[in-house]
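Visitor: Got a sequence here, can you model it:
(chains A and B)
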Amino acid sequence: MSVATLSTYNDDALAASIMQGEAQALSVLYDRHSPVVYATCLRVLNDQATADEVLVDVFHEFWRRADRFDASRGNVLTYLLTMARSRSIDRRRAAGKHDGNISLDHDHLPNDAVKSRDGLSSAVASETTRRVNQAMNEIDPDQRQAIELAFYDGLSHSEIARQLGRPLGTIKTFIRQGLLRLRQCLRMEDEELPAAVPREASSGANRGD
Amino acid sequence: MTDEQRLELMLESLAGTLDAPDEARVRRALQSGDPAWAGAAAQAKATLDAVAAALEPVTPPIEVKSVLMTRIARDQDAKLRQRLDGSADPHRFTRHVAQAFTALAALILLAVVMNHWTNKRIELVRAQERQDASIKLKERDTRLMILQTMIERDQSIFKVLHSPQLKWVDLGGGKSKAAGRILIEPDSGTWHLFAASLDTLSPDRTYQLWLITPDQKMIPAGTFNPDSSGNASLTTIASVNVSAVAQAAITEEPAGGSPQPTTLPPVLAGKL
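Guide: Numbers count the residues shown, from 1 in each chain, chains lettered A, B, ... in the order given. From the prediction side, this is the model:
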């Protein structure tokens, strides 16, 4: 099957093709979601070489175990990101890296890893990413920091409290209120969007250059 | 509880910020299968999933995809080789032949064992049959001997009964209902005793026949025991001529007999 045809497939259809052994389908899926997955790996690992390896592992594993993906329980992107996050955290723990000094901006990235934000116009950026980024920018910075440390670095509440020099109760409050605020922002986004705008850009969207 | 409150609890549960009692409450609510709680769980999970998509995308180096697609191609080659006969594994044919020989050897061994076991069984059965046949033959021979003896005796009695010189003595008792008869062949001096309704004796006792001369001399003529019906028979050759015998009597004696009667009066007696 041609890449052009496969590019019109949504993620669930691509997953079904991958299950049938269609390597081109995996190639299309990789082109579509590798930037977001790679960003997650880099965010957790803070090391390009390891992030490269984990990225390959995640998509290779999806190729080998596509039959384990259950569309009724979530979308393909979430599945890939969950796998990328957990493998990155495992690799980081295995390497003994837990310096706690995690920068929240992306300026520390190696030069040959192109920031898609610079390289892509807003027209081709994921709609989901845009919405979530906007929502994340609306919550309190302390709350966002606590959420990101818990989610990307896999730190426990106690570890976050220790790293930020804050009481444990405060950290728990940050995370709770941050998630609630995030939820509210996402819902408000849903209500403000015109009906013609697709809510999930990964369903049938093509990746352009 | 409103949907909003449920969603807040689910978010806090997923974030791990709930106290233990509230966490337990949320778990129980989820396990109950309540669709309202299931919906709240789905929304909370979607919110957390959104965090994953919050990062700005970063295009990976192009060689990463090359590495991935090379691995994919290698996987496909390996699968293809497995499907083709004999081409994936150079030792596959040898392995299959070895497996076939092993299976054949196992079958042959099983056949040998079964054959040996079967032969042993057959031998045992035949030995048992031979033993049974031998026993039956012995039993038959014994019966034949008994029948032969009975026939000879019956022939003898037949001959006695048809002898013109036949003499006989009827034996009777006082109080008992026992009775007897003796048939005598004068030429041969053979006395044939037949008795009935005799009492059964203890193992240390027996009946004894006496031939009595006119001068009351008691001549022992043999011992016998009745069967369970009280019947008895005895054939004996007297040591005296029949003309010298006046009476015949039967007494009860110790087992093995006695030189002279030890009990009187006799059980049965009769005159010639």
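Visitor: Tell me, how many residues neighbour the residue in chain B positioned nearest to chain A?
Guide: Going by CB to the nearest CB, chain A is nearest to B:Pro57 of chain B, at 3.3 Å. Just so you know, the C-beta spots here come from the backbone N, C-alpha and C atoms, and that holds for glycine as well. Neighbours of B:Pro57 under the rule other CB atoms under 10 Å in any protein chain shown: 24.
Visitor: Helices of chain B, residue ranges please.
Guide: Per DSSP state H, chain B carries helices over the ranges B:3-15, B:20-31, B:35-52, B:62-83, B:92-161.
Visitor: Output those as a markdown table; include the columns distance to chain A.
Guide: Shown next, in a markdown table, are the helices of chain B (distance: least, CB to the nearest CB, whole Å):
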| stretch | distance to chain A |
| --- | --- |
| helix B:3-15 | 5 |
| helix B:20-31 | 12 |
| helix B:35-52 | 4 |
| helix B:62-83 | 5 |
| helix B:92-161 | 23 |
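Visitor: Tell me which of these sits nearest to B:Ser202.
Guide: helix B:92-161 (26.2 Å; CB to CB).
Visitor: Just put the helices of chain B in CSV and tack on mean pLDDT.
Guide: Putting the helices of chain B into CSV (pLDDT from 0 to 100) gives the following:
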stretch, mean pLDDT
helix B:3-15, 80
helix B:20-31, 86
helix B:35-52, 79
helix B:62-83, 90
helix B:92-161, 88
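Visitor: Can you check which of those helices gets nearest to B:Pro220?
Guide: helix B:92-161 (21.8 Å).
Visitor: Show me what the closest one packs onto, helices and strands only.
Guide: strand B:179-185, strand B:190-196 (3 or more CB pairs under 8 Å, 6 or more residues apart in numbering or on different chains; DSSP states H and E).
Visitor: Output the below-cut-off pLDDT ranges for chain A.
Guide: The model of chain A has pLDDT under 70 over residues A:73, A:97-129, A:188-209.
Visitor: picking up where we left off before, thought A:Ala39 was touching the residue of chain B closest to chain A, still the case?
Guide: Yes. The criterion here is CB atoms under 8 Å, and B:Pro57 meets it with A:Ala39 at 5.5 Å.
Visitor: who does the strand or helix carrying A:Asp52 touch, helix- and strand-wise?
Guide: Per DSSP states H and E, A:Asp52 falls inside helix A:48-64. Counting contacts by 3+ CB pairs under 8 Å, 6+ apart, helix A:48-64 packs against helix A:23-45, helix A:76-94, helix B:62-83.
Visitor: deepest of these, which one?
Guide: Comparing these by mean neighbour count (mean count of other CB atoms under 10 Å in any protein chain shown), helix A:23-45 ranks first with a mean of 24.
Visitor: Just the CA trace of it, in CSV.
Guide: Taking Å, rounded to 0.1, in the frame of the first residue of the first chain, the C-alpha atoms of helix A:23-45 are listed here in CSV:
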residue,chain,number,x,y,z
ALA,A,23,5.7,-1.6,7.5
GLN,A,24,4.8,1.5,5.6
ALA,A,25,1.9,2.1,8.0
LEU,A,26,4.4,2.2,10.9
SER,A,27,6.5,4.7,8.9
VAL,A,28,3.5,7.0,8.5
LEU,A,29,2.7,6.7,12.2
TYR,A,30,6.3,7.5,13.1
ASP,A,31,6.3,10.6,10.9
ARG,A,32,3.0,11.7,12.4
HIS,A,33,3.8,11.3,16.1
SER,A,34,7.6,10.9,16.6
PRO,A,35,8.1,14.6,17.3
VAL,A,36,5.7,14.6,20.3
VAL,A,37,7.0,11.2,21.5
TYR,A,38,10.6,12.3,21.1
ALA,A,39,9.9,15.5,23.1
THR,A,40,8.7,13.4,25.9
CYS,A,41,11.8,11.2,25.9
LEU,A,42,14.1,14.2,25.8
ARG,A,43,12.1,15.9,28.6
VAL,A,44,12.5,12.9,30.9
LEU,A,45,16.0,11.7,29.9
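Visitor: is that helix up against chain B anywhere?
Guide: Yes. Using CB under 8 Å from any CB of the partner chain, helix A:23-45 reaches chain B at A:23, A:26-27, A:30-31, A:34-36, A:38-40, A:42-43.
Visitor: ok, the residue of chain B closest to chain A to A:Arg43 distance?
Guide: Distance, B:Pro57 to A:Arg43, using CB to CB, to the nearest Å: 11 Å.
Visitor: what do you get for A:Gln145?
Guide: 13 Å.
Visitor: do B:Ala78 as well
Guide: B:Ala78 sits 34 Å away from A:Arg43, going by CB to CB.
Visitor: And for A:Ser86?
Guide: A:Ser86 sits 13 Å away from A:Arg43, going by CB to CB.
Visitor: For the one helix or strand A:Thr173 maps to, which outside residues touch it?
Guide: In the assignment (DSSP H and E), A:Thr173 maps to helix A:168-192. With CB atoms under 8 Å, 6 or more residues apart in numbering or on different chains as the test, helix A:168-192 has contacts from A:131-132, A:134-136, A:138-140, A:142-147, A:150, A:157-158, A:160-161, A:164, A:166, A:199, B:7-8, B:11-12, B:14-17, B:43-44, B:47-48, B:50-51.
Visitor: just to revisit the earlier point, can you redo the helices of chain B as TSV with distance to B:Thr263?
Guide: As requested, the helices of chain B are exported to TSV (distance: least, CB to CB, whole Å):
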stretch	distance to B:Thr263
helix B:3-15	116
helix B:20-31	105
helix B:35-52	113
helix B:62-83	109
helix B:92-161	29
